[in-house]
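Asks: Let me see the structure of the following:
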Amino acid sequence: MKYMKKADKVIIGLTVLLALVALLLNGFFFKEKGTYAEIYYDSILVYKKKLTTTQEISFSISEKPEVIFHLYDDGSIAFIESDCPDKICIRSGRLNKVGQSAACLPNKLLLKIVGEEEQGPDLVIGNTR
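Replies: Below you'll find the predicted structure:
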């Protein structure tokens with residue numbers, strides 16, 4: 001006894017293929033590039049930097065000078081050095097699209113990519129005041 005006909009397998013295969021193509025198109029072509037990188041320390045915005053494609057710099061914030069960020073000339077930003085034990089923030093890689101974020105929880109830092117409109121933090125770290 002057959003449970004599926006050949007036509008059923010073709011329809012299922014085409015549906016899966018169409019879903020994968022839609023997912024790839026959404027991720028690569030329709031995702032908005034970030035305009036600003038926001039850095040939050042203890043859920044408070046402490047640094048906002050425009051993502052440009054002309055300069056490449058490394059910097060840190062005064063609240064946590066041992067954590068170093070790098071702004072690349074392609075308009076992306078990343079954690080490149082941290083004194084936290086697990087280094088998950090560094091392994092997050094380069095961020096450049098709206099909605100991407102990386103956090104260094106031991107240092108109470110959140111790096112978030114935002115567009116033009118004003119937003120708040122997506123994550124609250126530590127005690128709320």
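Asks: ok, then the element right after the helix or strand where Gly13 lies?
Replies: In the assignment (DSSP states H and E), Gly13 maps to helix 6-28. Next helix or strand after helix 6-28 toward the C-terminus (DSSP H and E): strand 36-41.
Asks: which residues touch that next one?
Replies: Residues outside strand 36-41 that contact it (CB atoms under 8 Å, 6 or more residues apart in numbering): 45-51, 61, 63-64, 69, 71, 77, 95, 108-115, 119, 121, 123, 125. (Each C-beta comes from the backbone N, C-alpha and C, glycine too.)
Asks: hmm, try it at 7 Å
Replies: 45-51, 61, 63-64, 77, 108-114, 121 (CB atoms under 7 Å, 6 or more residues apart in numbering).
Asks: Narrow those residues to those that are buried.
Replies: 47, 51, 64, 77, 108-114 (16 or more other CB atoms under 10 Å).
Asks: which residues does the residue nearest to Val114 when sequence neighbours are not counted bridge with?
Replies: The spatially closest residue to Val114, leaving aside those adjacent along the chain, is Tyr36, at 5.2 Å (CB to CB, 6 or more residues apart in numbering). Tyr36 has the following beta-bridge partners by DSSP bridges: Lys50, Val114.
Asks: number of nearby residues for Tyr36?
Replies: 17 (other CB atoms under 10 Å).
Asks: got it, and Leu25?
Replies: 11.
Asks: From Thr52, how far off is it?
Replies: From Leu25 across to Thr52, the span is 27 Å (CB to CB, to the nearest Å).
Asks: shaky segments in this structure?
Replies: Applying pLDDT under 70 to the chain picks out residues 1, 27-34, 117-129.
Asks: If we use 90, what do you get?
Replies: 1-6, 22-35, 43, 49-56, 73-75, 96-99, 114-129 (pLDDT under 90).
Asks: Identify the residues contacting the most centrally placed residue in the chain.
Replies: Nearest residue to the geometric centre of the chain (CA atoms, centre = their mean): Gln100, 2.2 Å. Residues in contact with Gln100, defined by CB under 7 Å, 6+ apart, are Ile113.
Asks: Look up how far Lys6 lies from it.
Replies: For Gln100, the distance to Lys6 equals 43 Å [CB to CB].
Asks: Lovely, talk soon.
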